[in-house]
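K.L.:
here is a sequence with its predicted model. Questions after.
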Amino acid sequence: MAGVTFLLPIWFDLAAVFLFALTGVWAATTRGHDVVGAFVLAFVTGVGGGLLRDGIFLQEIPAVMHDARFIYAVGAALALGILAQRAAKRFETLIAYVDAAAIGVYAVYGANKSLVAGVPAEAALLVGLCNAVGGGLLRDVLVREEPLLLKPGQLYVVATLAGCAAFVFAIDRYGVDVEKAAYAAIVLTLTLRVLAIRFNWRTTALGAPRRPV
């Protein structure tokens, strides 16, 4: 494995926190929560993946605990989410598109941070995936919905896995510039997710009865 020493700029992490927090705010507004409930969902959704990445997998102090910019990102998402809540209600796919952008950014940042920490490529792929889906998983649990991660539906984890794998493979095997690989992987993840939403590409439940021919 080629050593990876370049850590992507922190704005990648902050952008993912902001985008995920925005989906948390909209999830709160559609359920009639007040501003406190909206902040809680925004915070958990925004930084949840990073907490899993840093606190559990990389065994370091989570970034949100020593950098106030993460709180500012959540606060900005809270303000924008409240102002744009009517748009979120009007366009049901808006949250899905914002989420699609967020998972791509979080996946590559988590994988990159793991590689810089000396984690093997295969494990870095796992960390990137958990980084991407962790916040959404916690959000769904808090609002008492079956997590999107666990049920059949439009390609979600598969799209995230494809983008994250492309990123790790490009820089670990071919030595592609980290930022170029990151942008390409984010675009790939976003494209796959948007196409899945647009054309309803779905996974199938295990044991589902087959349709008669």
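P.N.:
Looks like it arrived, so ask away. Residues are numbered from 1 along each chain as shown.
K.L.:
how about Phe57: what's its closest non-neighbour residue?
P.N.:
Val127 (4.8 Å; C-beta to C-beta, 6 or more residues apart in numbering). In this view, the C-beta of every residue, glycine as well, is placed from N, C-alpha and C.
K.L.:
for the one you found, give me the pLDDT.
P.N.:
With respect to pLDDT, Val127 scores 96.
K.L.:
likewise Ile197?
P.N.:
85.
K.L.:
for the one 10 residues further on, same thing?
P.N.:
For Gly207, the pLDDT comes out at 69.
K.L.:
kindly report the same for Tyr156.
P.N.:
We have a pLDDT of 85 for Tyr156.
K.L.:
relative to Val4, how far out is it?
P.N.:
Counting by C-beta to C-beta, to the nearest Å, the gap from Tyr156 to Val4 is 27 Å.
K.L.:
ok, Val178 next?
P.N.:
With C-beta to C-beta as the criterion, Val178 and Val4 are 7 Å apart.
K.L.:
what do you get for Gln59?
P.N.:
Relative to Val4, and taking C-beta to C-beta, Gln59 is found at 18 Å.
K.L.:
more neighbours: which of those two?
P.N.:
Val4 (22 against 8; other C-beta atoms under 10 Å).
K.L.:
secondary structure element for that one?
P.N.:
Using DSSP states H and E, Val4 sits within no helix or strand.
K.L.:
list the contacts for the closest residue to it other than its chain neighbours?
P.N.:
Once flanking residues are discounted, Val4 sits nearest to Leu115: 3.9 Å by C-beta to C-beta, 6+ apart. Contact partners of Leu115, counting by C-beta atoms under 8 Å, 6 or more residues apart in numbering, are Val4, Ala121, Ala124, Val168, Ile171, Asp172.
K.L.:
that concludes my questions; thank you for your assistance.
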